[in-house]
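Peer 1: coords below, sequence missing:
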């Protein structure tokens, strides 16, 4: 793909997200979401491969369904209440439909089945965009929708955490594992979104940092499945020694950054009198911890056989840009001591 076309598509991605951020009218927000979808489709289909074409088709159909559902819900709200304003959603029927449409757009369980299949057909760079940037616009709308049925978001969150952890256990493809990781993390955000929107936004931003570290490290090692992780020592010894910290931070273990959002969310749920929900959320993190540990074991405690594949890569210098990876790895591992100032920013 030529740099000119790539810059236009990335500009379209940024413009669509910005339109949704800046809009207070549902039609403008819908237009921003559609702009986002149309801009990423050529990026997904740029590699002329059957898997990429299949992933692009699945993504387009899913996003078109969610967009049509969102437009129907907003039209119904305008018909029932005479309002197109995003912050004035009072009727429970369109509010529920909009929540489900946005859940389908970002891949929350039980509307999650498209996300692992789509991510599996993409390269790691486009998969990173799909897992991070494409979540921003729908999540901004979820933050603004006034939930009339709190049980809906709690149930969506719990379902996503359990399915994201459970379905990732028997996967061997790294992109599918990261897709189920995304589903589980989105469940953590949604379960607290109605009690503390700022905490949900913090969790989203920290998820972006940690997921970027994982995607960029796999991209630098040029690995797409668990078996190929065994050659990491020969390619990038320093990054291989840091990779378990990235994965354990995604799992939410102290003293790494990933512990901060889980700790704060469980604390907030306990304050709201939802101790059983907090307990279930903490237990669901153990499911995700298993497959993160599995990746860490395959990457650091196994070594490829002494053949040409395992011994030559260290002699070949890499020309890939490593500054974004260095910054994201540092933030992924060392932000937990900054919890007090971050908490002071969250509290009004």
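Peer 2: Cool, the structure landed. Remember, it's a predicted structure, so these values are computed and weren't measured experimentally.
Peer 1: domain-wise, how is the protein divided?
Peer 2: Domain assignment for the chain, taken from automatic domain parsing, gives 1-148, 150-348.
Peer 1: dump those domains into JSON lines; add mean pLDDT and mean neighbour count as well.
Peer 2: Any C-beta I mention is one placed from the backbone N, CA and C, and that applies to glycine too. Converted to JSON lines, these look like this (pLDDT from 0 to 100; neighbours: other C-beta atoms under 10 Å):
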{"stretch": "domain 1-148", "mean pLDDT": "93", "mean neighbour count": "18"}
{"stretch": "domain 150-348", "mean pLDDT": "88", "mean neighbour count": "18"}
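Peer 1: now do the strands in the stretch 151-300 of the chain.
Peer 2: Counting by DSSP state E, counting those that start in this stretch, the stretch 151-300 of the chain has no strands to list.
Peer 1: and the helices in it?
Peer 2: Remark: helices assigned in the stretch 151-300 of the chain by DSSP state H, counting those that start in this stretch are 174-192, 197-221, 232-235, 237-251, 259-271, 275-300.
Peer 1: what sits against the residue nearest to residue 107 when sequence neighbours are not counted?
Peer 2: Residue nearest to residue 107 in three dimensions, not counting chain neighbours: residue 115, with 3.7 Å by C-beta to C-beta, 6 or more residues apart in numbering. Counting by C-beta atoms under 8 Å, 6 or more residues apart in numbering, residue 115 touches 107, 179, 182, 183.
Peer 1: dihedrals phi and psi, residue 90?
Peer 2: Per-residue torsions, residue 90: phi -110, psi -30 (degrees, to the nearest 10).
Peer 1: so it makes contact with residue 82?
Peer 2: No. When contacts are counted by C-beta atoms under 8 Å, residue 90 is not listed as touching residue 82 (10.8 Å).
Peer 1: for residue 128, what are its contacts?
Peer 2: 211, 212, 215, 216, 219.
Peer 1: check which helices and strands the top helix by length along the chain is in contact with.
Peer 2: Longest helix in the chain by number of residues (criterion: DSSP state H): helix 50-81. Applying 3 or more C-beta pairs under 8 Å, 6 or more residues apart in numbering; DSSP states H and E, one finds that helix 50-81 makes contact with helix 26-44, helix 92-106, helix 114-120.
Peer 1: so how far is it from its chain's centroid?
Peer 2: The chain centre lies 19 Å from the centre of helix 50-81; the measure is C-alpha atoms, centre = their mean, to the nearest Å.
Peer 1: report the angle between it and helix 26-44.
Peer 2: If you take axes from the mean of the first three to the mean of the last three C-alpha atoms, to 10 degrees, helix 50-81 sits at 180 degrees to helix 26-44.
Peer 1: any idea how far the residue nearest to residue 107 is from residue 143?
Peer 2: Distance from residue 115 to residue 143, counting by C-beta to C-beta, to the nearest Å: 21 Å.
Peer 1: can you check residue 253 too?
Peer 2: Distance from residue 253 to residue 143, by C-beta to C-beta: 28 Å.
Peer 1: equivalent analysis for residue 331, please.
Peer 2: According to C-beta to C-beta, residue 331 stands 22 Å off from residue 143.
Peer 1: who does the helix or strand where residue 14 lies touch, helix- and strand-wise?
Peer 2: Per DSSP states H and E: residue 14 is located in helix 3-22. Judged by 3+ C-beta pairs under 8 Å, 6+ apart, the packing partners of helix 3-22 are helix 26-44, helix 136-144.
Peer 1: any idea how far the first one is from the middle of the chain?
Peer 2: The one in question is helix 26-44. 18 Å.
Peer 1: let the chain start at 58 from now.
Peer 2: Right, with 58 as the first residue, what we last looked at is helix 83-101.
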